[in-house]
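coords below, sequence missing:
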């Protein structure tokens with residue numbers, strides 16, 4: 001059955017790979033992007049692209065209204081939109097911290113709450129939050145990002161407990177090093193340092209993360225909720 005799927009931050013990287021995976025499976029996919037023109041990749045995939053800054057509640061409401069008008073109520077939500085503002089703690093401005101938390105945590109709260117309203121009425125739904133191995137391991141220079149991604153675990157498990165009796169699952173995917181624009185800013189030495197701690201010795205392809213997301217949104221995962229699924233090549237084992 002074709003479902004209405006919404007991927008936030010779906011214009012590139014992991015989000016785009018997730019949108020592609022659902023679209024290729026025959027779902028009706030919508031994705032959000034923050035500024036500029038609709039991403040060409042969305043058009044090529046036949047996805048509905050809507051502008052939405054998840055730090056703005058009015059934009060979140062407008063985006064959901066547009067998606068619902070085109071595809072019906074959201075049945076699968078993938079909360080992927082996120083930012084980084086990497087700084088060492090003693091050099092980190094308070095705004096660096098609060099901006100990351102507002103996008104990566106409060107932004108997730110906004111979209112999950114809005115999607116859950118319809119899911120609860122329908123008594124079914126799949127919510128998948130994109131966290132990070134960094135949220136479990138910590139990383140120098142990423143106290144804000146790590147805090148935001150760790151927060152998603154507690155948030156997801158609380159949502160899972162609240163909505164489980166209504167047939168709604170909420171799970172977390174925690175990628176490690178993934179070959180995206182976000183990780184391309186690392187120089188060769190930084191990249192080698194991370195990969196040296198990964199048992200599989202390589203970064204993930206975005207499609208590998210997308211496969212984990214699709215699994216958690218599938219009927220095969222109907223009895224999985226409140227889980228954290230690492231896609232990190234073993235980097236975060238034991239956390």
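That came through fine. Since the structure is predicted, the reported quantities are computational estimates derived from the model, not experimental observations.

helices or strands up against the least confident helix or strand in the chain by mean pLDDT?
The element with the least model confidence among the helices and strands of the chain, by mean pLDDT, DSSP states H and E, is helix 188-195, at a mean of 78. The contact analysis (3 or more Cβ pairs under 8 Å, 6 or more residues apart in numbering; DSSP states H and E) places helix 188-195 against no helix or strand. Placement of C-beta: from N, CA and C, glycine included.

what helices and strands are in contact with the longest helix seen in the chain?
Across the chain, the longest stretch assigned as helix under DSSP state H is helix 143-163. Using 3+ Cβ pairs under 8 Å, 6+ apart as the contact test, the elements touching helix 143-163 are helix 94-101, helix 107-122, strand 125-130, helix 134-137, strand 168-175.

list the helices and strands the shortest one packs on?
Under the contact definition 3+ Cβ pairs under 8 Å, 6+ apart, helix 134-137 sits against helix 143-163.

go through the helix it packs on and flag the buried ones.
Neighbour-count burial for helix 143-163, with 16 or more other Cβ atoms under 10 Å as criterion, is recorded at 143-153, 155-157, 159-160, 163.

try stretch 94-105
Of the residues in stretch 94-105, those buried under the neighbour-count criterion (16+ other Cβ under 10 Å) are 96-97, 99-105.

check stretch 207-227 too.
208-210, 212-214, 216-217, 221, 225-227.

same thing with stretch 74-90?
Within stretch 74-90, the residues that qualify as buried are 74-85, counting by 16+ other Cβ under 10 Å.

so which residue is smack in the middle of this protein?
Central residue of the chain (Cα atoms, centre = their mean): residue 80, 2.2 Å from the mean position.

for it, what are its contacts?
If a contact means Cβ atoms under 8 Å, 6 or more residues apart in numbering, then residue 80 has 7-10, 14-15, 18, 130 as its contacts.

looking at those residues, spot the one nearest residue 177.
Distance ranking of the contacts of residue 80 against residue 177, using Cβ to Cβ, places residue 14 first at 11.8 Å.

how close does that closest one sit to residue 189?
Distance of residue 14 to residue 189, computed by Cβ to Cβ, to the nearest Å: 24 Å.

between these two, which is the more surrounded one?
Each of residue 14 and residue 189 has its neighbours counted (other Cβ atoms under 10 Å); residue 14 has more, 27 against 7.

that older thread, among the buried residues of stretch 74-90, which lie within strands?
Secondary structure of these is defined by DSSP state E; positions in strands are 76-79.

looking at those residues, which is nearest residue 198?
Comparing every one of those with residue 198 (Cβ to Cβ), the shortest separation belongs to residue 78, at 24.1 Å.

hmm, residue 112 and the closest one touching each other?
No - using Cβ atoms under 8 Å, residue 78 is not in contact with residue 112, being 10.7 Å away.

ok, back up a step: can you add pLDDT and distance to residue 23 and give the buried residues of stretch 94-105 back as CSV?
Compiled in CSV, the buried residues of stretch 94-105 are given as follows (pLDDT from 0 to 100; distance: Cβ to Cβ, whole Å):
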residue, pLDDT, distance to residue 23
96, 98, 35
97, 98, 35
99, 98, 31
100, 98, 29
101, 98, 31
102, 98, 29
103, 98, 25
104, 98, 25
105, 98, 28
